[in-house]
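[1] can't give you the sequence, but here's the structure:
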């Protein structure tokens, strides 16, 4: 008799939370680029370039189908840089409550996902 095991590729609550956090971070960097800089050209360039750069870095190094495979430390470093940048962007925009809430949720979610990856 064969026992049935649960497939490893199930999507949990933390996976959904992490996906929403990623999208929120990318949108945040776009908002920051458009609002934090004076002038008509610099803010347009940064409003488009900041999230595009973050998405590119995430896709290359951190996504589940990343082109460049990193160890757990490298993945954590990329995630900390992008999520930390989004939290810092909210601080620069004068929204410390959003920055703290986002940072705490991203940190807890990242730790939970990192522990799952290591086991």
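    Thanks, I have it. All of these numbers come straight from a predicted model, not from anything done at the bench.
[2] ok, residue 92 touching residue 31?
    No. Residue 92 is beyond contact range of residue 31, at 10.7 Å (criterion: Cβ atoms under 8 Å). All C-beta spots, glycine's among them, are computed from the backbone N, C-alpha and C.
[3] Give me the more crowded residue out of those two.
    Taking neighbours as other Cβ atoms under 10 Å, residue 92 and residue 31 compare with residue 31 leading, 18 against 12.
[4] who's in contact with that one?
    Applying Cβ atoms under 8 Å, 6 or more residues apart in numbering, one finds that residue 31 lies in contact with 47, 89, 93.
[5] and these as a markdown table, adding distance to residue 108 and secondary structure?
    Written out in a markdown table, the entries for the contacts of residue 31 read as follows (distance: Cβ to Cβ, whole Å; DSSP: H, G, I helix; E, B strand; the rest coil):
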| residue | distance to residue 108 | secondary structure |
| --- | --- | --- |
| 47 | 29 | helix |
| 89 | 20 | helix |
| 93 | 23 | coil |
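[6] you'd agree residue 109 is up against residue 14?
    Yes. Using Cβ under 8 Å, residue 109 makes contact with residue 14 at a distance of 5.8 Å.
[7] With neighbour numbers in mind, choose between those two.
    Neighbours per residue, other Cβ under 10 Å: of residue 109 and residue 14, the larger number sits with residue 109, 20 against 15.
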